[in-house]
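Q: With the sequence up front, the predicted model follows.
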Amino acid sequence: MTDTYTTLWWVRRDMRLADNPALAHAIASGGPVLPVFIHDETVAGLGAAPKWRMGLGIDALDADLRRLGSRLTLRRGRAVDVLTDLVRETGAKSVVWSRAYDPDAITRDTAVKTALKDLGIGAESFAGHLLFEPWQVKTKVGGYYKVYTPYWRAVRDNPVADCLPAPTSLPAPDHWPASDRLADWQMGAAMNRGADVVLPYTNVGATAAQTRLAEFLEDAITDYREGRDFPDRQVTSRLSENLTYGEIAPRRLWHAARQAMMEGAQGAEHFLKELVWREFAYHLAYHTPHMLTRNWRVEWDGFGWRGDNTDAENWRRGMTGVPMVDAAMRELFVTGTMHNRLRMIAGSYLTKHLLTDWRIGQDWFAQTLIDWDPAANAMGWQWVAGCGPDASPYFRVFNPETQGVKFDGQGRYRDLYLSEGLDAAGRCPSADFYQAIPRSWQITAATPYPEPALTLKEGRLRALEAYSNAKSGS
């Protein structure tokens with residue numbers, strides 16, 4: 001008979017019980033499983049909204065574990081120190097976790113694995129956050145893909161493993177180690193009064209994610225391709241926050257959409273393409289990690305971006321005087337998310353009309369998005385700025401006015417955030433905006449709406465001139 005031993009399941013962005021290879025491996029060992037979440041430097045460094053939302057996810061996962069007679073042990077500190085301490089306290093012989101792919105996480109995880117193995121402790125990471133491991137998808141000459149469409153063609157017919165079922169029980173240790181209290185971490189402190197405004201728009205936990213997926217498949221996936229660019233239509237999956245924290249596995253979405261496609265849902269293939277766009281972001285972040293902090297196209301390093309400025313501050317506050325841009329920025333403050341079409345419009349306006357460094361916008365999204373994702377956020381900003389993969393700087397100077405006419409012709413989206421419109425739940429997002437923003441902004445419903453700093457035509461011409469000068473070296 002094989003001796004059983006405790007396995008530590010180090011929870012990170014895999015806050016689910018179903019289809020979790022790391023957890024499945026821990027259970028298969030036959031001994032007790034100790035789930036642990038560590039508030040380390042990567043958590044401490046999160047912006048206000050993603051840190052708060054992560055705290056909600058931790059609480060939801062703990063509730064799911066307790067229904068199985070388990071619980072989440074919370075510790076604060078450097079991951080390597082916390083895990084080695086827990087190994088000594090519990091006698092655990094193995095630690096498992098789901099892989100992360102950004103440089104800081106890779107550095108941390110490598111140090112953890114080395115330290116544990118030096119102690120004679122098993123340490124193993126597993127796939128789960130992505131469909132395809134970045135090093136497994138290669139061009140014909142063995143390199144990595146730099147353009148999305150060839151990447152999509154390379155992976156669209158690749159096999160994706162079946163989803164693993166959720167466990168019906170979780171073997172618990174005889175004695176639970178000491179745990180921090182989640183409330184003591186104060187993960188929502190930086191949200192201030194905004195937390196109460198954003199909370200009704202969140203979709204927290206694995207059960208909520210499964211419900212939202214079912215609703216999308218039932219009501220919206222057929223219209224996804226044609227309707228996804230219209231922000232007043234409920235045809236997107238709205239699962240980005242759940243993917244961010246691993247409350248649903250990407251391969252569950254992949255298999256669900258593939259099934260829908262075989263059953264004739266016309267928008268299903270396009271949904272798969274968007275899911276693979278997320279994969280492509282991680283593919284590039286892994287192979288070209290400078291993408292997270294520097295221009296992906298190095299020839300843009302000499303471009304004369306403006307640093308932070310008054311126009312950028314007005315952009316953050318939803319006070320540019322350009323209605324579609326301001327509606328987008330106010331949606332972000334009220335809901336913690338922003339419709340993808342509006343992310344492109346708002347991002348283009350900041351980086352092109354206002355000629356502001358894309359990293360200013362990237363940093364703001366890192367503070368305010370509950371679905372913030374390091375790879376997707378960086379690639380999205382570089383794409384819209386023109387310095388990233390698949391970028392086309394001259395043809396992607398979005399005109400917010402014509403975009404509004406095309407995708408919000410009746411002004412329903414705009415009016416939700418710039419006048420007293422009501423959403424489907426009877427809430428008034430425009431009023432909520434004034435309740436969510438910092439008091440120091442001194443913006444109220446009585447504050448006059450501003451005139452734009454420059455006309456859209458002037459902004460476009462200025463951007464094209466700047467790009468032309470940069471290209472010619474003048």
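A: It's in. Numbering: from 1, shown residues only.
Q: Residue 219 versus residue 266, what's the distance?
A: To residue 219, residue 266 is 14 Å away according to C-beta to C-beta, to the nearest Å. Heads up, the C-betas are built off the backbone N, CA and C, glycines and all.
Q: Looking only at neighbour counts, state which of those two leads.
A: residue 266 (14 against 11; other C-beta atoms under 10 Å).
Q: ok, now which ones touch that one?
A: Taking C-beta atoms under 8 Å, 6 or more residues apart in numbering, we find residue 266 in contact with 222, 225.
Q: cool, and residue 34?
A: 6-9, 73, 86, 90, 92, 173, 176-177.
Q: Going through these, which ones are buried?
A: 6-9, 73, 86, 90, 92, 173 (16 or more other C-beta atoms under 10 Å).
Q: hmm, who's touching the worst-scoring helix or strand of the chain on mean pLDDT?
A: None of the helices or strands of the chain scores lower by mean pLDDT, DSSP states H and E than helix 456-472, at a mean of 90. With C-beta under 8 Å, 6+ apart as the test, helix 456-472 has contacts from 300, 302-304, 322, 349, 352-355, 386, 393-394, 397, 399-401, 454.
Q: Quick check on those residues: which are buried?
A: Buried among the contacts of helix 456-472 (16+ other C-beta under 10 Å): 300, 303, 322, 349, 352-355, 386, 393, 397, 399-400, 454.
Q: And those residues, which two are furthest apart?
A: 300 and 322 (24.9 Å; C-beta to C-beta).
Q: List the ones among the buried ones among the contacts of residue 34 that fall in strands.
A: 7-9, 73 (DSSP state E).
Q: now those as a markdown table including pLDDT and distance to residue 421?
A: Below are those laid out as a markdown table (pLDDT from 0 to 100; distance: C-beta to C-beta, whole Å):
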| residue | pLDDT | distance to residue 421 |
| --- | --- | --- |
| 7 | 98 | 52 |
| 8 | 98 | 49 |
| 9 | 98 | 45 |
| 73 | 98 | 45 |
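Q: What is the nearest of those to residue 111?
A: residue 8 (16.1 Å).
Q: dump the residue contacts of the residue nearest to the closest one when sequence neighbours are not counted.
A: Leaving aside its chain neighbours, residue 8 sits nearest to residue 95 (4.4 Å; criterion: C-beta to C-beta, 6 or more residues apart in numbering). Shown in contact with residue 95 (C-beta under 8 Å, 6+ apart): 7-8, 10, 83, 87, 112, 116, 121-124.
Q: and residue 95, helix, strand or coil?
A: strand (DSSP: H, G, I helix; E, B strand; the rest coil).
Q: quick one on the thing from earlier: closest to residue 196 out of the contacts of residue 34?
A: residue 73 (29.0 Å).
Q: hang on, the earlier thing: could you single out the nearest of the buried ones among the contacts of helix 456-472 to residue 247?
A: Among the buried ones among the contacts of helix 456-472, and counting by C-beta to C-beta, the member closest to residue 247 is residue 349, at 32.0 Å.
Q: Is the closest one in contact with residue 322, as I believe?
A: Yes. In terms of C-beta atoms under 8 Å, residue 349 counts as a neighbour of residue 322; the distance is 6.4 Å.
Q: got any residues that touch both of those two?
A: residue 400.
Q: Number of residues surrounding residue 258?
A: Residue 258: 16 neighbours (other C-beta under 10 Å).
Q: Relative to residue 162, how far out is it?
A: 12 Å.
Q: Quickly list the domain ranges of the chain.
A: Structurally, the chain divides into domains by automatic domain parsing as follows: 7-128, 130-161+192-287, 298-472.
Q: For residue 184, find the nearest of those domains.
A: domain 7-128 (8.8 Å).
Q: Now find how far off-centre that closest one is within its chain.
A: Taking C-alpha atoms, centre = their mean, to the nearest Å, the mean C-alpha location of domain 7-128 is offset from the chain mean by 19 Å.
Q: Likewise for stretch 332-343?
A: On the basis of C-alpha atoms, centre = their mean, stretch 332-343 sits 12 Å off its chain's mean C-alpha point.
Q: ok, now stretch 450-462?
A: The answer for stretch 450-462 is 31 Å, by C-alpha atoms, centre = their mean.
Q: Now do the buried residues in it.
A: 452-454, 456, 459-460.
Q: likewise stretch 70-86?
A: 70-75, 79-80, 82-84, 86.
Q: again with stretch 96-105
A: 96-102, 105.
Q: Could you pull out the strands in the stretch 1-150 of the chain for me?
A: 7-11, 33-39, 73-76, 94-98, 122-126 (DSSP state E, counting those that start in this stretch).
Q: which one of those lies closest to residue 448?
A: If we rank the strands of the stretch 1-150 of the chain by C-beta to C-beta, the stretch that ends up nearest is strand 33-39, at 43.4 Å.
Q: So for the closest one, mean pLDDT?
A: Strand 33-39 comes out with an average pLDDT of 98.
Q: That strand pairs with which strands, parallel or anti?
A: strand 7-11 (parallel), strand 73-76 (parallel) (DSSP bridges).
Q: For residue 342, find the nearest of the ones you listed.
A: That would be strand 7-11 among the strands paired with strand 33-39, by C-beta to C-beta, at 32.4 Å.
Q: can I get the CA coordinates of the closest one in CSV?
A: What follows is strand 7-11, C-alpha atoms only, in CSV (Å, rounded to 0.1, in the frame of the first residue of the first chain):
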residue,chain,number,x,y,z
THR,A,7,-0.4,18.0,-1.0
LEU,A,8,-0.5,21.8,-1.0
TRP,A,9,-2.6,23.2,-3.7
TRP,A,10,-1.3,26.7,-4.3
VAL,A,11,-4.2,28.7,-5.6
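Q: ok, residues contacting it?
A: 22-23, 25-26, 29, 31-38, 61, 72, 79, 83, 86-87, 90, 92-97.
Q: And the pLDDT at residue 421?
A: For residue 421, the pLDDT comes out at 88.
Q: Can I take it that it is in a strand?
A: No. Assessed with three-state DSSP, residue 421 is coil; it does not lie in a strand.
Q: Excluding residues flanking it in the chain, which one is nearest it?
A: That would be residue 415: by C-beta to C-beta, 6+ apart, it lies 4.0 Å from residue 421.
Q: give me the number of residues near residue 344?
A: 19.
Q: by how many degrees do the helix or strand hosting it and helix 456-472 diverge?
A: Taking DSSP states H and E as the criterion, residue 344 maps to helix 340-348. Using axes from the mean of the first three to the mean of the last three C-alpha atoms, to 10 degrees, the inter-axis angle of helix 340-348 relative to helix 456-472 is 70 degrees.
Q: What average pLDDT does helix 340-348 get?
A: 97.
Q: for it, which positions count as buried?
A: So helix 340-348, judged by 16+ other C-beta under 10 Å, has buried residues 341-348.
Q: so how far is it from its chain's centroid?
A: Taking mean C-alpha positions (C-alpha atoms, centre = their mean), helix 340-348 and its chain are 16 Å apart.
Q: Next, the nearest residue to residue 424 once chain neighbours are set aside: secondary structure please.
A: Among residues not flanking residue 424 along the chain, residue 234 sits closest, at 7.6 Å (C-beta to C-beta, 6+ apart). Following three-state DSSP, residue 234 is assigned to coil.
Q: Can you give me the neighbour number for residue 234?
A: So residue 234, with other C-beta under 10 Å, has 14 neighbours.
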